[in-house]
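Engineer: Give me the fold of what follows.
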Amino acid sequence: MVWNTCLKSLEQELPSDQFNTWIRPLQVEPSSDRVKILAPNRFVKDWVTDRYLARIKELVNDQGDMRVILEVGSVARATSPTDDTQKPATTVSALQ
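Structural biologist: I've put the predicted structure just below:
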């Protein structure tokens, strides 16, 4: 995946405290034609935009011509707490 390769490069290039603070919290929404990066809040988005977005775009474009989008948000989870699969199973036994 393009983002994983980008992460590996950034992890090697940046001091670990910067990588862990600003890059690791970012999530990516999967897509075949673009890289949509989601920051947990506007402050992180603005910081990444000012300091790292140009480099992220370079790394992504080294792997193909893809659009890079940076927004505030998070990737939705596959299951929700109200999903029946999250409830404990119950067993009913018949009295004889």
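
Engineer: Where does pLDDT dip in the protein?
Structural biologist: Using pLDDT under 70 as the threshold, the predicted model of the chain has low-confidence ranges 77-96.

Engineer: By residue count, which helix of it is the longest?
Structural biologist: Using DSSP state H, we find that the single longest helix of the chain is helix 2-13.

Engineer: Next, name the residue at the spatial heart of the protein.
Structural biologist: residue 27 (1.2 Å; Cα atoms, centre = their mean).

Engineer: Name the SS class of residue 36, please.
Structural biologist: Three-state assignment for residue 36 (DSSP: H, G, I helix; E, B strand; the rest coil): strand.

Engineer: Pull the contacting residues for the nearest residue to it once chain neighbours are set aside.
Structural biologist: Spatial nearest neighbour of residue 36, chain neighbours left out: residue 29 (4.2 Å); criterion: Cβ to Cβ, 6 or more residues apart in numbering. Every residue, glycine included, has its C-beta placed from N, CA and C. Residue 29 makes contact with 36, 38, 75 under the criterion Cβ atoms under 8 Å, 6 or more residues apart in numbering.

Engineer: and the first one, how many residues sit next to it?
Structural biologist: By other Cβ atoms under 10 Å, 17 other residues sit near residue 36.
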